[in-house]
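A.B. asks: got a sequence here, can you model it:
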Amino acid sequence: MGGRHNYFKNLPKELKEEGFKIINSNNFKTEREKAIRLLYALKLPHTISPVKSISGAPPLVKVELDCSY
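C.D. replies: Have a look, this model is predicted:
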């Protein structure tokens with residue numbers, strides 16, 4: 001586990017500032033668009049994939065983050 005709990009705390013100030021601008025913005029059409037933009041602003045390597053629902057509900061989205069140093 002090491003310093004993983006400090007990953008976001010230790011991000012460069014500029015990345016955090018850009019991230020907060022996105023979080024506080026209302027300029028996105030969807031929450032998904034906002035979330036993806038946030039991942040890129042924080043320079044977080046990620047994968048996004050659909051997860052089928054067994055109950056017939058719309059599919060969910062799985063977001064995997066690579067928070068390694």
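A.B. asks: helix, strand or coil for the residue nearest to residue 47 when sequence neighbours are not counted?
C.D. replies: Of all residues not flanking residue 47 in the chain, residue 64 sits nearest, at 4.8 Å (CB to CB, 6 or more residues apart in numbering). Quick note: C-beta positions are derived from backbone N, CA and C, even for glycine. For residue 64, the assignment made with DSSP: H, G, I helix; E, B strand; the rest coil gives strand.
A.B. asks: any idea how far residue 34 is from residue 64?
C.D. replies: Using CB to CB, to the nearest Å, residue 64 is found at 18 Å from residue 34.
A.B. asks: more neighbours: which of the two?
C.D. replies: Per other CB atoms under 10 Å, whichever of residue 64 and residue 34 has more neighbours is residue 34, with 15 against 9.
A.B. asks: was I right about the more buried one contacting residue 22?
C.D. replies: Yes: counting by CB atoms under 8 Å, residue 22 is a contact partner of residue 34 at 6.4 Å.
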